[in-house]
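Engineer: Sequence first, predicted model second:
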Amino acid sequence: GAVVSQHPSRVICKSGTSVKIECRSLDFQATTMFWYRQFPKQSLMLMATSNEGSKATYEQGVEKDKFLINHASLTLSTLTVTSAHPEDSSFYICSARDIPGGTDTQYFGPGTRLTVL
Amino acid sequence: GDSVTQMEGPVTLSEEAFLTINCTYTATGYPSLFWYVQYPGEGLQLLLKATKADDKGSNKGFEATYRKETTSFHLEKGSVQVSDSAVYFCALFSGGYNKLIFGAGTRLAVHP
């Protein structure tokens, strides 16, 4: 099946620094990628949808200047948490869909655990 | 709006017991339905899916049938193993919102 990777798997940073998380589709071209946030023992919260070559669409309540998303190629999307603070500590998961639009399956990355000290 | 409701966990079972995790949905149109599984510290893995009414998705001994009349997609397995311990998420793809909508997740713990 389709494989999505994330890097890094775990990151610890100081408050005020920026952190970049990469999401790659390894064996398919992902025209659309999604970024989710998951708090402990909770469900996934969609943060934004990114389409290759265009600006990301953010969900209500998600600060686009705080969470910068770039989807520069069909196999790579990045999420940058700018000026991170302890409340940004969370598990961030990306997913990718390999068919434009439609209802086809999303494949999820293994997640990145961010801890801001 | 579209939504998914799952039974609350945790569900605790002995090995080889029968498993049912209930999932019902509210949606306009005919959404695709999914079950994802999340093992500790990992991302989500697709377990099974169904794209139209009366379809049955199955994988690794798990099954779920898309029931339009009851708007349900209950997950079942005849004989669970310790290795099935994980969190299970029911989800639908909302064409209106163009995104996956997840249930809250149900934690399953299987003990020997």
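Structural biologist: Arrived safely, thanks for sending.
Engineer: In contact with the residue lying closest to residue B:38 once chain neighbours are set aside, which residues?
Structural biologist: Closest residue in space to residue B:38, ignoring its immediate chain neighbours: residue B:87 at 4.6 Å, by CB to CB, 6 or more residues apart in numbering or on different chains. C-beta: built from backbone N, CA, C; applies to glycine. Residues near residue B:87 by CB atoms under 8 Å, 6 or more residues apart in numbering or on different chains: B:9, B:37-38, B:105-108.
Engineer: Out of those, list just those in helices.
Structural biologist: Per DSSP state H, helices hold no members of the contacts of residue B:87.
Engineer: Report the buried members of the residues you listed.
Structural biologist: Taking 16 or more other CB atoms under 10 Å in any protein chain shown as the criterion, what is buried in those is B:9, B:37-38, B:105-106, B:108.
Engineer: and the helix or strand bottoming out on mean pLDDT in chain B, what other elements does it pack with?
Structural biologist: Least confident helix or strand, chain B: strand B:99-102 with a mean of 89, by mean pLDDT, DSSP states H and E. Strand B:99-102 is packed against strand A:44-51, strand B:3-6, strand B:86-94, with contacts defined by 3 or more CB pairs under 8 Å, 6 or more residues apart in numbering or on different chains; DSSP states H and E.
Engineer: and which of the buried ones among the contacts of residue B:87 is nearest to chain A?
Structural biologist: residue B:105 (5.2 Å; CB to the nearest CB).
Engineer: Which residues does the helix or strand bottoming out on mean pLDDT in chain A contact?
Structural biologist: Between all helices and strands in chain A, the lowest mean by mean pLDDT, DSSP H and E belongs to strand A:106-108, at a mean of 89. For strand A:106-108, contacts defined as CB under 8 Å, 6+ apart pick out A:1-4, A:25, A:34, A:93-98, B:36, B:43-46, B:100.
Engineer: Show me what secondary structure element comes after it.
Structural biologist: Later in the chain than strand A:106-108, the nearest helix or strand by DSSP states H and E is strand A:112-116.
Engineer: Direction included, what does that following strand pair against?
Structural biologist: strand A:10-13 (parallel), strand A:90-97 (antiparallel) (DSSP bridges).
Engineer: looking at these, which is buried most?
Structural biologist: Ranked by mean neighbour count, the strands paired with strand A:112-116 are led by strand A:90-97 with a mean of 25 (mean count of other CB atoms under 10 Å in any protein chain shown).
Engineer: could you say which helix or strand contains the residue nearest the centre of chain A?
Structural biologist: Geometric centre of chain A, nearest residue: residue A:35, 3.4 Å, by CA atoms, centre = their mean. Per DSSP H and E, residue A:35 falls inside strand A:32-38.
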